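No letters, just coordinates:
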């Protein structure tokens, strides 16, 4: 009996590697197919329905536990919808520590991963009137709504120019 | 009868399709029960829409996100995200889903006004937004 159990480990490891979110280049973060309709309707009304892969499960639980005090806004939901969305977010949450959020509630724009991917963005641009907030993904990523974050789709001309300098 | 049903579905949070007129009438009926003789007014709705409550620094008025006209597309004052116009004339789906309308009145009134909006304020607001030319 001990033999087959040991054999199972590499298989599990392989499966994990396949489902682990965010490989080195993560320019495609499409909405997972099992997203409940409530996710886009509720979490996509004030900002982009953020990819669940960009925060860890404990972070999402904290976000979903305090929707009435939501980064200075009120995003409260009925309990059934709240639970449905939380389960979806946790199902697709990141597992790496580089994607652990900071702040209360935690922000996905303050993970080690996000800072690294955005290290070339000049400080002043985050405060530019066209952007207003790092959470305004669509201001820079022209196809963010479609889950696409490719460099060539950057919407602000100065960002595109940087790439070709 | 239809109005009573609508008020019931508002109270129980059930979604039922409605027109802006029906929804406005349901709020007006509720307001008239609290203050007999109540008549909704687009002018009061316009004043409410533009009024600076200044309870919240970033969201001082409804117009902070919905712009000075409900016919125009808005922009979320904090996140920068685009918001479709509030006027049914510009965005047909507005004021057609009672549960959605209640949810946003609850959130936006709490943030901007610092309290829940009354049925009278909601009736005025819907009349103003639907009458916008």
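Yes, it's here. Given the structure is predicted, the values throughout are model-derived calculations rather than measurements.

quick one, phi psi at the residue nearest the centre of chain A?
The centroid of chain A falls nearest to residue A:54 when counting by CA atoms, centre = their mean (2.9 Å). Backbone geometry at residue A:54, expressed as degrees, to the nearest 10, gives phi -100, psi 10.

Residue A:99 is in contact with that one, correct?
Yes - in this structure, residue A:54 is within contact of residue A:99 by CB atoms under 8 Å, at 6.3 Å. For every residue, glycine as well, the C-beta is placed using N, CA and C.

overlap in contacts of the two?
Residues touching both residue A:54 and residue A:99 by CB atoms under 8 Å, 6 or more residues apart in numbering or on different chains: A:108, A:111, A:113.

For chain B, what lies in contact range of chain A?
B:13, B:56, B:58, B:76, B:78-81, B:106-107, B:110-111 (CB under 8 Å from any CB of the partner chain).

Helices of chain A, start to end?
A:2-19, A:37-43, A:57-65, A:79-91, A:112-117, A:123-127, A:137-140, A:157-164 (DSSP state H).

The residues of chain B next to chain A: which two are farthest apart?
Within those, B:13 and B:80 form the most distant pair, 30.3 Å apart (CB to CB).

So which of the two has more stuff around it?
For residue B:13 versus residue B:80, neighbours defined as other CB atoms under 10 Å in any protein chain shown are more numerous around residue B:80 (18 against 11).

In three-state terms, how would that one be classified?
Judged by DSSP: H, G, I helix; E, B strand; the rest coil, the three-state class of residue B:80 is coil.

just checking, it touches residue A:140?
No - assessed by CB under 8 Å, residue B:80 is found out of contact with residue A:140, at 10.8 Å.

So for residue 39, what's the pLDDT?
Picked chain A for this. Residue A:39 is assigned a pLDDT of 98 by the prediction.

That was the other one, I meant chain B.
So residue B:39 comes in at 97 (pLDDT).

how near is it to residue B:95?
Distance of residue B:39 to residue B:95, given as CB to CB, to the nearest Å: 19 Å.

Pick out whichever of these two has more residues nearby.
The residue with more neighbours, out of residue B:39 and residue B:95, is residue B:95; 23 against 12, by other CB under 10 Å.

what's that one in contact with, if anything?
By CB under 8 Å, 6+ apart, the neighbours of residue B:95 are B:18-20, B:23-24, B:88, B:101, B:126, B:129-130.

do that again at 6 Å, thanks
Residues in contact with residue B:95 (CB atoms under 6 Å, 6 or more residues apart in numbering or on different chains) are B:20, B:23, B:88, B:101, B:126.

List just the nearest of those residues to chain A.
Nearest to chain A among the contacts of residue B:95 is residue B:101, at 13.2 Å by CB to the nearest CB.

How many residues are close by that closest one?
When neighbours are counted by other CB under 10 Å, residue B:101 registers 20.

quick one: it is in a helix?
Yes - Residue B:101: assigned to a helix according to three-state DSSP.

now it: how far from residue B:18?
From residue B:101 to residue B:18 the distance is 9 Å (CB to CB).

what do you get for residue B:132?
19 Å.

Look up phi and psi at the nearest residue to residue B:40 once chain neighbours are set aside.
Spatial nearest neighbour of residue B:40, chain neighbours left out: residue B:123 (4.1 Å); criterion: CB to CB, 6 or more residues apart in numbering or on different chains. Here is the backbone geometry of residue B:123 (degrees, to the nearest 10): phi -60, psi -40.

And the one 5 residues further on, by the same measure?
Residue B:128 has phi and psi values of phi -60, psi -50 when expressed as degrees, to the nearest 10.

Could I get the pLDDT score of it?
With respect to pLDDT, residue B:128 has a value of 97.

tell me, how many neighbours does the closest residue to it other than its chain neighbours end up with?
Spatially, and ignoring its direct neighbours in sequence, residue B:128 is nearest to residue B:45 (2.7 Å; CB to CB, 6+ apart). Residue B:45 has 24 neighbours, counted by other CB under 10 Å.

ok so residue B:45 is a strand residue?
No - remark: residue B:45 does not belong to a strand; assigned using three-state DSSP, it is helix.

ok, it touching residue B:126?
No - at 7.5 Å, residue B:45 does not count as touching residue B:126 under the criterion of CB atoms under 6 Å.

In terms of helices and strands, where is the residue nearest to residue B:78 when sequence neighbours are not counted?
Spatial nearest neighbour of residue B:78, chain neighbours left out: residue B:58 (5.5 Å); criterion: CB to CB, 6+ apart. Secondary structure from DSSP states H and E places residue B:58 outside every helix and strand.
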